[in-house]
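In: return atomic coordinates for the entry below.
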Amino acid sequence: MSQNQLEEINGEKKQQDITGMTCIYVPVNDVYASVHWYEKNLGCQPAKNHKVEPGMTMSILRFLDEDGKPQDAATGSIPALFLIQSGEEGGRLGFTGTWEGNPRNAVGCFVTPRIQEMFERFKANGVRLEGEIRQTCGPNLQFYDPDGNMWEIWQP
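Out: Got it, this is the predicted structure:
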């Protein structure tokens with residue numbers, strides 16, 4: 001008998017420890033420039049609690065829902081991105097794996113229903129890409145923000 005079946009028989013439900021992810025902290029050198037890069041390339045929108053201006057040290061970016069409204073990071077399906085000015089130089093998100101020639105790997109993967117369109121947008125905008133669209137576990141593409149933070153985008 002499974003643990004779930006035993007819990008149902010006993011009338012007890014297991015409490016969830018983790019119910020979601022609210023944000024991802026992204027180290028950047030220039031928050032102002034990065035806000036514009038993420039808006040242009042990923043369609044994020046800065047939250048209204050931080051004025052977007054040169055010299056800013058933090059910004060919260062939210063992804064828009066199908067109605068064009070920012071998702072609530074506490075209840076939405078996509079975590080917010082917290083761009084935070086870092087004292088270190090770029091290239092902080094990502095790591096080197098131990099398989100197949102030690103490729104660099106992203107630490108976060110976005111989901112899109114339109115990977116080819118995103119690929120074309122990235123190329124048109126001069127986004128640094130890690131090759132072409134790959135077909136590992138479905139179409140996916142690795143790319144870098146201006147600070148060298150590595151991300152991945154995947155189409156189920």
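In: and the helices in the protein?
Out: Using DSSP state H, the helices of the chain run over 3-10, 31-42, 115-124.
In: could you give the number of residues near Asn125?
Out: 10 (other C-beta atoms under 10 Å). C-betas here are computed from N, CA, C, even on glycine.
In: skip the chain neighbours and tell me the closest residue to it.
Out: Leaving out its chain neighbours, the residue that sits closest to Asn125 by C-beta to C-beta, 6 or more residues apart in numbering is Asn41, at 5.8 Å.
In: surely the one you found meets Lys123?
Out: No. Asn41 is not in contact with Lys123 according to C-beta atoms under 8 Å; the separation is 10.9 Å.
In: who has more neighbours, those two?
Out: Comparing Asn41 with Lys123 by other C-beta under 10 Å, the one with more neighbours is Asn41, at 19 against 11.
In: model confidence for that one, exactly?
Out: At Asn41, the model reports a pLDDT of 97.
In: and if you look at Ala106?
Out: So Ala106 comes in at 87 (pLDDT).
In: what sits closest to it if chain neighbours are left out?
Out: Glu152 (3.9 Å).
In: and what of Met58?
Out: With sequence-adjacent residues excluded and distances taken as C-beta to C-beta, 6+ apart, Met58 is closest to Ile84, at 5.2 Å.
In: ok, that neighbour to Lys14 distance?
Out: Separation of Ile84 from Lys14 (C-beta to C-beta, to the nearest Å): 35 Å.
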